[in-house]
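1. sequence and predicted structure, then a few things I'm wondering about:
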Amino acid sequence: MTNQTLAADVVVIGGGAVGENLAGRTAASGLKTILIEKDLVGGECSYWACMPSKALLRPGTALAAARRVDGARQAATGALDREAVLARRTAFTSDWKDSSQVEWVRGAGIELLRGTARLAGRKRVEVATDEGTTAIEARHAVVLATGSTPSVPPVPGLDEVPFWGTREATAAREVPRSLLVLGGGVSGVELAQAFARLGSTVTLVARRGLLSAYPEPAQRLVEAGLRADGVDVRLHTATESVAREGEGVRAEFAAANDGGTSAAAVGPVSAERLLVATGRRPALAALGLEQVGLVPEELRTDATGLVAGVPGQWLYAVGDAAGKVLLTHQGKYEARAAGDAIAARAAGSLDGDKEPAPWSKYTATADERAVPSVVFTDPEVAMVGLTLEKARERGLDASATELPIAVAGSALHADGYDGWAQLVVDENRKVLLGATFAGPDVSELLHAATIAVVGEVPLERLWHAVPAYPTISEVWLRLLEEYGL
């Protein structure tokens, strides 16, 4: 067994998209950076989440879009080619090989170390590799970019039956005849629709409603889209137990008694495959946080990513590991801010005892006010900033203006286009706090809303941002008119 000690300016634990971004930032600033990854470089998003799930969804969405336009509908008469869809998905994951990502890391001047890392004390990391144990002393910073891990509910029998998590679902080599999905969050609804359109008989069970973080009209549109694809949607339904049944599983259900109104029966369901998609939590176990006096469940960071309660300002956490916003794009944003802050503190150009001002290049201020997210179902849901409920919980004088998406652009986009939009306004400052769009292809409306929220564009100025005709963006004009401008 080989044991060695290395030195670096910055050590990044976790080589997913977030860790790569931070390591690239610090290496570009001239800091010697070591990136540690025990699995594939590129992480969850590249191989088991964002990219493969959207690759599974896109062919069905494209076919459905053609069928919503008369003239194209007559040509779109076939079914999806399952093998071609799965092959295209596999191409986006590079067949679960990370050689191109490794090449990028090395080209960026980052040293890559394969192994399992844990904190061993102040600015010290130990890595178990195939050759032995490597200790690394960090001169300036250690960064936790370890992502998240699935949360498995305490359902009786679940530990005795084989089931898919999102990793197994997005990496599936064949389409099951039937699929039972537990979970009504983003992963649950996206994968339920993807497999339904690939030919599975799908049942989706949610203890509450679908997409509970999004406004109710958007939830209803997604539910209608799932049902139109043949998904048996059972809301406000608790999973009582699961058990093996032949080569598959059988689940028993009961009403959740959460005050919701269930439109579905709670009878048993048998399926060839079971997918558990009931959320994720920061992957902080076995990292040795106790070695520096931390409890994983209580980890907190400031806007630069610095972990609270660690003397000397050297430990950072970004992305899902920080537990603020479990979205890849937001984690990469946090990584850019933290990487720049680490470099500036190492150079002495940023006061280590003071948190930089909001909206500076060193702070992930948007985590609190302007997080964009998209649910890539058909119809899509795109949201940024605060919902009306969240705004009022913060004590803000907020109002909501909402409308169906019914403009010339949407009528041209699809026959019978069905969509919905909402703006949340700060009535004291007359700026946008949030926006939500639901409908086919609304994700392309989101960045304009994100800019308006981040830039705190006054509504009177936003009125002068004229939407091109005929596009779905014309709904912006209708919303501002409905508000009273």
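-> All right, it came through fine. Numbering: from 1, shown residues only.
2. C-alpha coordinates for stretch 406-421, PDB please?
-> Coordinates of the C-alpha atoms in stretch 406-421 are reproduced here as PDB (Å, rounded to 0.1, in the frame of the first residue of the first chain):
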ATOM      1  CA  ALA A 406     -53.700  32.900 -25.300                       C
ATOM      2  CA  VAL A 407     -51.800  35.100 -27.800                       C
ATOM      3  CA  ALA A 408     -51.200  35.000 -31.500                       C
ATOM      4  CA  GLY A 409     -47.900  33.300 -31.000                       C
ATOM      5  CA  SER A 410     -49.300  30.500 -28.900                       C
ATOM      6  CA  ALA A 411     -52.100  29.900 -31.300                       C
ATOM      7  CA  LEU A 412     -49.600  29.500 -34.100                       C
ATOM      8  CA  HIS A 413     -47.300  27.400 -32.000                       C
ATOM      9  CA  ALA A 414     -49.900  24.700 -31.400                       C
ATOM     10  CA  ASP A 415     -53.600  24.000 -32.200                       C
ATOM     11  CA  GLY A 416     -55.500  24.200 -28.900                       C
ATOM     12  CA  TYR A 417     -52.500  25.600 -27.000                       C
ATOM     13  CA  ASP A 418     -53.200  25.400 -23.300                       C
ATOM     14  CA  GLY A 419     -51.000  27.500 -21.000                       C
ATOM     15  CA  TRP A 420     -50.900  29.800 -17.900                       C
ATOM     16  CA  ALA A 421     -48.700  32.600 -16.700                       C
END
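3. how near is the nearest residue in space to V175 that is not next to it in sequence to L287?
-> Leaving aside its chain neighbours, V175 sits nearest to L198 (4.6 Å; criterion: C-beta to C-beta, 6 or more residues apart in numbering). For the C-beta atoms, the positions are set from N, CA and C on the backbone; glycine is no exception. Distance, L198 to L287, by C-beta to C-beta, to the nearest Å: 38 Å.
4. I figured E160 hits A243, correct?
-> Yes: using C-beta atoms under 8 Å, E160 makes contact with A243 at a distance of 7.4 Å.
5. neighbours around V424, how many?
-> Each residue near V424 was counted by other C-beta atoms under 10 Å, and the total is 26.
6. pretty sure it sits in a strand.
-> Yes: judged by DSSP: H, G, I helix; E, B strand; the rest coil, V424 forms part of a strand.
7. so what's it up against?
-> V424 is in contact with 385-388, 391, 398-400, 432-435, counting by C-beta atoms under 8 Å, 6 or more residues apart in numbering.
8. now swap in L446 and tell me
-> 372, 374, 382-384, 435, 437.
9. with D378 instead?
-> 57, 60-61, 64-65, 193, 225, 440.
10. returning to what we had before: what about E160 and A243, which has more around it?
-> A count of neighbours by other C-beta under 10 Å puts A243 above the other of E160 and A243, at 14 against 9.
11. tell me the SS of the more buried one?
-> What three-state DSSP gives for A243 is strand.
12. who does it bridge with?
-> A243 forms beta bridges with R250, as assigned by DSSP bridges.
13. gap between it and L274?
-> 11 Å.
14. what's the answer for L306, then?
-> Going from L306 to L274 by C-beta to C-beta gives 41 Å.
15. my guess is V374 is in a helix, correct?
-> No: looking at V374 with three-state DSSP, it is strand, so not inside a helix.
16. check what pLDDT it gets.
-> We have a pLDDT of 98 for V374.
17. now swap in A357 and tell me
-> The model reports A357 with a pLDDT of 94.
18. now for it, how many residues are close by?
-> Other residues lying near A357 total 10 when counted by other C-beta under 10 Å.
19. ok, now K354?
-> Number of residues near K354 (other C-beta under 10 Å) recorded here: 7.
20. show me what contacts it?
-> By C-beta under 8 Å, 6+ apart, no residues touch K354.
21. contacting residues for the residue most central in space within the chain?
-> Nearest to the mean C-alpha position of the chain, counting by C-alpha atoms, centre = their mean, stands L327 at 3.3 Å. Going by C-beta under 8 Å, 6+ apart, L327 touches 371, 373.
22. state the distance from it to F92.
-> 19 Å.
23. picking that back up, any idea how far the residue nearest to the centre of the chain is from A213?
-> 11 Å.
24. can you give me the helices in the stretch 51-200 of the chain?
-> For the stretch 51-200 of the chain, the helices defined by DSSP state H, counting those that start in this stretch cover 82-92, 99-107, 166-170, 186-197.
25. deepest of these, which one?
-> Across the helices of the stretch 51-200 of the chain, averaging neighbours per residue (mean count of other C-beta atoms under 10 Å) puts helix 186-197 on top, at a mean of 26.
26. report the next helix or strand after that helix in sequence order.
-> strand 201-205 (DSSP states H and E).
27. so how far is that next one from its chain's centroid?
-> Offset of strand 201-205 from its chain centre (C-alpha atoms, centre = their mean, to the nearest Å): 22 Å.
28. for stretch 426-438, same thing?
-> 23 Å.
29. for stretch 357-366, same thing?
-> Relative to where its chain is centred, stretch 357-366 has its mean C-alpha point 21 Å off (C-alpha atoms, centre = their mean).
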